[in-house]
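>>> Fold the following and give me the result.
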Amino acid sequence: MKASATENASVEKIAGGWRLAIGAGGASSYRDAQLDDYAGLRRSQFPHRPSAALRTSLSLRARTSTLSAAGTWGFGLWNDPFGLSLGFGGNPFHLPMLPNAAWFFFASPQNYLSFTNNKPAQGFLAQTFRSPRFHSLLIPAGLALPFSRVATRNLLGRVIAEDSSALSVDTTQWHRYRLEWGAERVVWDVDEVRVFESPVSPHPPLGFIIWIDNQYAAFTPEGKISAGVLESGEEWLEVKEIVMSEKWASEK
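So this is what the prediction gives:
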């Protein structure tokens, strides 16, 4: 894994794991700390590729400094469709790919990260997206026309398969989280208890990521689009005993 952090953020080793932290600050700068295993790779080279015979599993222990972080944090697998910073890390905003992801994901109330009207869009979630493997070149044009934004969102909701469940977990306490991704389904466990299972399995290849940041993004059912960075206190995510593995689908 490679560690990276913006100004006023850090990734530090702790006993058995890592502490990812963002410093206190206003809504004028993006702050992000992350670990990933795909830095410098093209999406076609991302390392995780389950099949009908093989499943990819992620297990780790984690805790957070607060139940109400400003921004987002999480851990899991995704295709980095637009760059984690959404343009706030110094890169121009672009949306070159539709999302494929399976993760434990926290989003503050300013976020609305769902393309449907019947799935949770904020809070602590088990969440998955499966999208076609093509560049979404027509979507920015649709977003540029205010009268078409609801139609564009409805179109995305039909193109992007999505599933999620809100989780009731005290994330400030240590818990063991496990995610297993196979070609036919994804499952999420907390403390060895199954908390969610979905047939919506993202298309490979994906990369592994752990992060915490102070950004938000929203595309509401009314067609309102907003994105930015939030004022925050000092916040952190600690992770230990990280295990990425693959196993045959026939194994229990």
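>>> C-alpha from now on. contacts and neighbour counts both.
Will do.
>>> Spit out the contact partners of D213.
D213 is in contact with 22, 30-33, 70-73, counting by CA atoms under 8 Å, 6 or more residues apart in numbering.
>>> does the residue nearest to E246 when sequence neighbours are not counted sit in a helix or strand, and which one?
Spatial nearest neighbour of E246, chain neighbours left out: T56 (4.6 Å); criterion: CA to CA, 6 or more residues apart in numbering. Using DSSP states H and E, T56 maps to strand 54-64.
>>> Dump the helix or strand just after that strand to CSV, keeping only the CA atoms.
Downstream of strand 54-64, the first helix or strand assigned by DSSP H and E is strand 72-78. Only the C-alpha atoms of strand 72-78 are listed here, as CSV (Å, rounded to 0.1, in the frame of the first residue of the first chain):
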residue,chain,number,x,y,z
THR,A,72,-16.3,11.3,4.0
TRP,A,73,-14.3,8.3,5.1
GLY,A,74,-14.2,4.6,4.5
PHE,A,75,-12.5,1.5,3.2
GLY,A,76,-13.1,-0.9,0.4
LEU,A,77,-12.6,-1.3,-3.4
TRP,A,78,-13.4,1.0,-6.3
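>>> Partner strands of strand 72-78, with direction?
The strands beside strand 72-78 in its sheet (DSSP bridges) come out as strand 101-107 (antiparallel), strand 207-213 (antiparallel).
>>> what's the angle between the strand holding T56 and strand 101-107?
10 degrees (axes from the mean of the first three to the mean of the last three CA atoms, to 10 degrees).
>>> what lines up beside strand 54-64 in the sheet?
In its sheet, and by DSSP bridges, strand 54-64 pairs with strand 175-181 (antiparallel), strand 235-248 (antiparallel).
>>> in the sheet, who's paired with E197?
V187.
>>> so F46 touches D80, yeah?
No. If you go by CA atoms under 8 Å, F46 and D80 don't touch, sitting 9.9 Å apart.
>>> Give me the common contacts of the two.
In contact with both F46 and D80: G207, using CA under 8 Å, 6+ apart.
>>> hmm, who's touching the strand holding T56?
48-50, 76, 171-183, 235-249.
>>> Stretch 152-170 too?
67, 98-99, 114-116, 119-120, 123-132, 139, 142-143, 195-196, 198, 200, 219, 221, 223.
>>> Can you name the element that comes right after the lowest-mean-pLDDT helix or strand in the chain?
Least confident helix or strand of the chain, by mean pLDDT, DSSP states H and E, is helix 139-143 with a mean of 53. Using DSSP H and E, the next helix or strand after helix 139-143 towards the C-terminus is helix 149-159.
>>> list the buried ones in that next one?
For helix 149-159, the neighbour count (16 or more other CA atoms under 10 Å) marks 149-154, 156 as buried.
>>> Give me the distance between the residue nearest to E246 and V187.
11 Å (CA to CA, to the nearest Å).
>>> Could you name every residue contacting both of those two?
180-181.
>>> Quick one: low-confidence residue ranges for the stretch 101-250 of the chain.
134-147, 250 (pLDDT under 70).
>>> List the contacts of the closest residue to S57 other than its chain neighbours.
Taking CA to CA, 6+ apart, and ignoring the residues beside it in sequence, S57 has E180 as its nearest neighbour in space, at 4.3 Å. Contact partners of E180, counting by CA under 8 Å, 6+ apart, are 55-58, 186-188.
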